[in-house]
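In: need a structure here:
(2 chains)
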Amino acid sequence: GAGVSQTPSNKVTEKGKYVELRCDPISGHTALYWYRQSLGQGPEFLIYFQGTGAADDSGLPNDRFFAVRPEGSVSTLKIQRTERGDSAVYLCASSLDGGAWETQYFGPGTRLLVL
Amino acid sequence: GQQVMQIPQYQHVQEGEDFTTYCNSSTTLSNIQWYKQRPGGHPVFLIQLVKSGEVKKQKRLTFQFGEAKKNSSLHITATQTTDVGTYFCARGSNYKLTFGKGTLLTVNP
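Out: From the prediction side, this is the model:
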């Protein structure tokens, strides 16, 4: 079946602009995660959704970052007033129901470049 | 924080040579997961280790979990060019994964 998909694959924006990144998880997966990966680093946890609710948003770096998952499927990561330091690959992952030690399936990521 | 440290950061081998990457934690791990990320790609799950002293094999890949559950290793026998990529270990804590910085493996054909 289809894997996790993310759009756009690349996004170039200017400092101060607003961006939205979309994630479409594997069908039937109730758990959804956002990670951010900077060059030469491993992915860093941002936020975890169980269904429609954000069960853990402790990884969001500041209040410019916000994510929603209104119908428990597609999720959107929103970044306001982008800064050059926000440039990274934003990865989305999903798993069946967020149980302990479940395999997380990653999407191809969105490469964000803030000029 | 509950970080995991990986060494080495980079490893270049000749095709056919063996390769090992190590993952260490200062605290006990409930589980350790390994992922592979090809250049330009996304992390792909390889394996999960849960039990103390556990050893799992996948063809030429051997994964070990230390007896104290504070370290883990991934060993590749007779590397091939298809093994190129970054190998990450990640500690799992319920739903959250904390990744190491990874080991970038390059293979000279």
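
In: in chain B, what secondary structure element scores lowest on mean pLDDT?
Out: strand B:96-99 (a mean of 92; mean pLDDT, DSSP states H and E).

In: please name every helix or strand in contact with that one.
Out: Judged by 3 or more CB pairs under 8 Å, 6 or more residues apart in numbering or on different chains; DSSP states H and E, the packing partners of strand B:96-99 are strand A:44-50, strand B:85-93. The way it works is simple: take the backbone N, C-alpha and C, and place the C-beta from them, glycine included.

In: do the first one and chain B meet at all?
Out: Yes. Under the criterion of CB under 8 Å from any CB of the partner chain, chain B is reached by strand A:44-50 at A:44, A:45, A:48, A:50.

In: now find how far off-centre that strand is within its chain.
Out: 8 Å (CA atoms, centre = their mean, to the nearest Å).

In: before we move on, what about stretch B:4-16?
Out: Centre to centre, stretch against its chain (CA atoms, centre = their mean), the figure for stretch B:4-16 is 10 Å.

In: measure it end to end?
Out: In stretch B:4-16, first residue to last residue: 29 Å (CA to CA, to the nearest Å).

In: that stretch: which residues count as buried?
Out: For stretch B:4-16, burial by neighbour count (16 or more other CB atoms under 10 Å in any protein chain shown) applies to B:4, B:6, B:11.

In: and residue 37, what is it in contact with?
Out: As the question left the chain open, I've gone with chain A. Residue A:37 makes contact with A:43, A:44, A:88, A:89, A:90, A:91, A:109 under the criterion CB atoms under 8 Å, 6 or more residues apart in numbering or on different chains.

In: that answer is for a different chain, and I need it for chain B
Out: B:43, B:44, B:85, B:86, B:87, B:88, B:102.

In: and the residues of strand A:44-50 next to chain B, which are buried?
Out: Among those, those classed as buried by 16+ other CB under 10 Å are A:44, A:45, A:48, A:50.

In: redo those residues as JSON lines? Include pLDDT.
Out: Shown next, in JSON lines, are these (pLDDT from 0 to 100):
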{"residue": "A:44", "pLDDT": "96"}
{"residue": "A:45", "pLDDT": "96"}
{"residue": "A:48", "pLDDT": "95"}
{"residue": "A:50", "pLDDT": "93"}
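
In: and which of these is nearest to residue B:65?
Out: residue A:45 (22.0 Å; CB to CB).

In: in three-state terms, label the residue nearest to that closest one when sequence neighbours are not counted for me.
Out: Nearest non-adjacent residue to residue A:45, counting by CB to CB, 6 or more residues apart in numbering or on different chains: residue A:59, 4.2 Å away. Under DSSP: H, G, I helix; E, B strand; the rest coil, the three-state class of residue A:59 is coil.
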